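Colleague: Sequence first, then the predicted structure:
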Amino acid sequence: MLRRRSLPLLLSSPLAAPALRPAQAQVATRMALLHLNDFHSRHEPIAATGAVCRAGETCFGGSARMATAIAEAREGARADGRAALLLDAGDTFLGSLFFTQHEGQAEAQVQRAWGVQGMALGNHEFDLGPEVLARYIAAVPFPVLSANLDATAEPALAGKVRPTIAFRREAMRVVVVGLTTPDTPGISSPGPHLRFTDPMEAANRAVWEARREGAATVVVLSHLGLSMDRRLAAEVAGVDVILGGHSHLLVAPPVVVEGPDRPVTIVQAGAFGRWLGRLDLDLAADGRVTLAQQQMRELSADIAEDATLAALVAQLGAPLEALRRRVVGRLPAALSNAGCGSAPCEIGMLVAEAMREGVGAEIGWQNGGGVRAGLPGGEVTMNDVLGALPFGNTTARMVLRGATLLEALENGLSRLPGPAGRFPQTAGLRFTFDAARPVGQRVVAAEVREPDGGWRPLEPGRAYSVATNNFLRRGGDGYAVFANAALEARDDGPALDDLLARALAR
């Protein structure tokens, strides 16, 4: 067990929420939980869309501004007589050229400077495989957590990921439980040897272990998403607080769920470093929360950048300058990636069309979740392109029967009405759907564009050439039919970001 004598969180904010519950017992300990999630390598300030911020735009976040906000939060907590604990709910990887260039080492350096004290693994921490994640873990001084990850069969990670970590404040123990979305094998690249178990069962075991040693406050550091967090709060006894991630939602005011034996407070701090959360807790002698009060601070331009972190970001960004400045094209208006997980969107269809044209296929197919940021209006640089498509995917070309394409469409629509990364963004193929129908029966009609520009219904027995990214071609995001039912397939096409840059140039 890791013991820390002090838990060295955030000044008051315009979104401070009222106390969620009145005190019901004598307060034994006062503390503050600082939290962030889904930072996605956004070391430089961002626009409201999550894209790289341009001159004249309203900018938010960035590693140097986050450092200032954290320092001020800690000082504010100290002034309030509260110990502060800084926790990260995962997906610090991927989303900018910093990750493309440094493969997690930039994030490790920044988190060390921030003073992160524990992090749950998100799905994107596995995007470059176990070896890259292992190098990151070796570079950070804090515990990396996932109670529902079995890494015993993966040499690179065996023994390096912990289920929980305990912090002590006077006589009080705070036990932090990490959880990772069990969808990770389908939406990332963890390799064949890692096993992601049921997070509910893992949480039950972790809570039992925590309370077996005596009074404790249990904080779940979750990369499951808000809907799963609600379910966990309702079903798992003994949980006090859930600091969430994965949904990219600003959960303010907090969601309070009546659990089996106590109320559970759920919060989440948006995404891309735009927000820093603070949750003040008053704890009774038995560890129960007697009062929880939220403050959520938006990292706007009025927060000064920390000079040391600004210098570090400049140093890490130096190798990126020539590439990021190259203008690849122009757009008449900005394209947002908002909504690409639940409906056709312009940027998603643009990517699909770039692939279709790039490899000479009839149909282009991109997953909505693979478009990670929007594109600005006006000049578009390679940095903007790589921010939108940060995975380093190549383009695959395959031949599929129409019946297989219908099955793939049903997979892409299966998570509606909620957003999901698998939603199909297509070119050369258009479809209508009804999300109220049962899963597997949601496609109402599907048509394919003919060479003369006309459209005709998708024919179940006809073979069609399809371009997609290599992640989907291997069965990612539930597209098993792409891996198993292709009549022909090649995964060695051009880089997806390069095809989009070429399309923008045209």
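Modeller: All right, it came through fine.
Colleague: Next, work out how far apart the residue of the chain positioned farthest from its centre and residue 464 are.
Modeller: The outermost residue of the chain relative to its centre, with distances by C-alpha atoms, centre = their mean, is residue 452 at 41.5 Å. Note on residue 452: its distance to residue 464, by C-beta to C-beta, to the nearest Å, is 16 Å. (Glycine included, C-beta is placed from N, CA and C.)
Colleague: If you count contacts, what does the lowest-mean-pLDDT helix or strand in the chain end up packed against?
Modeller: Least confident helix or strand, the chain: helix 321-325 with a mean of 81, by mean pLDDT, DSSP states H and E. When contacts are defined as 3 or more C-beta pairs under 8 Å, 6 or more residues apart in numbering; DSSP states H and E, helix 321-325 packs onto helix 382-388.
Colleague: Pull the distance from the very next helix or strand once past the helix it packs on to the chain's centre.
Modeller: As assigned by DSSP states H and E, the chain's next helix or strand after helix 382-388 is strand 395-401. Counting by C-alpha atoms, centre = their mean, to the nearest Å, strand 395-401 is centred 28 Å from the centre of its parent chain.
Colleague: Partner strands of strand 395-401 and their direction?
Modeller: strand 463-469 (antiparallel), strand 488-490 (antiparallel) (DSSP bridges).
Colleague: Now do the helices in the stretch 101-250 of the chain.
Modeller: 105-114, 130-139, 184-187, 199-212, 226-235 (DSSP state H, counting those that start in this stretch).
Colleague: Report the buried residues of the first one.
Modeller: Across helix 105-114, burial judged by 16 or more other C-beta atoms under 10 Å covers 105-111, 113-114.
Colleague: Relative to residue 213, which of those residues is nearest.
Modeller: Nearest to residue 213 out of the buried residues of helix 105-114 is residue 111 (C-beta to C-beta; 28.2 Å).
Colleague: Contact partners for the closest one?
Modeller: By C-beta atoms under 8 Å, 6 or more residues apart in numbering, the residues touching residue 111 are 88, 92, 119, 140, 142.
Colleague: picking that back up, mind giving me a markdown table with the helices of the stretch 101-250 of the chain and columns for mean pLDDT?
Modeller: As requested, those are exported to a markdown table (pLDDT from 0 to 100):
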| stretch | mean pLDDT |
| --- | --- |
| helix 105-114 | 98 |
| helix 130-139 | 98 |
| helix 184-187 | 87 |
| helix 199-212 | 97 |
| helix 226-235 | 97 |
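Colleague: out of the ones you listed, which comes closest to residue 358?
Modeller: Residue 358 sits nearest to helix 184-187 of all the helices of the stretch 101-250 of the chain, at 23.9 Å, using C-beta to C-beta.
Colleague: on contacts alone, who are the packing partners of that closest one?
Modeller: So helix 184-187, by 3+ C-beta pairs under 8 Å, 6+ apart, packs with no helix or strand.
Colleague: Distance from that helix to the middle of the chain?
Modeller: 13 Å.
Colleague: what comes into contact with it?
Modeller: Contacts with helix 184-187, where a contact means C-beta under 8 Å, 6+ apart, come from 123, 126, 181, 190, 194, 196, 369, 421, 475-478.
Colleague: Keeping just the C-alphas, turn that helix into CSV.
Modeller: Extracted in CSV, the C-alpha atoms of helix 184-187 (Å, rounded to 0.1, in the frame of the first residue of the first chain):
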residue,chain,number,x,y,z
THR,A,184,-11.0,-1.6,-25.3
PRO,A,185,-10.2,-4.7,-27.4
GLY,A,186,-12.7,-3.6,-30.1
ILE,A,187,-11.8,0.1,-30.1
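Colleague: Farthest-apart pair in the buried residues of helix 105-114, please.
Modeller: 105 and 114 (15.1 Å).
Colleague: re earlier: out of the buried residues of helix 105-114, who's nearest residue 327?
Modeller: For the buried residues of helix 105-114, the closest approach to residue 327 (C-beta to C-beta) belongs to residue 106, at 24.5 Å.
Colleague: Let me see the contact set for that closest one.
Modeller: Listed by C-beta under 8 Å, 6+ apart, the contact partners of residue 106 are 41, 43, 98-99, 316.
Colleague: Repeat that for residue 454.
Modeller: Contacts for residue 454 (C-beta under 8 Å, 6+ apart) come out as none.
Colleague: sorry, back to before: of the contacts of residue 106 - the most surrounded one?
Modeller: For the contacts of residue 106, the largest number of neighbours (other C-beta atoms under 10 Å) sits with residue 43, at 30 neighbours.
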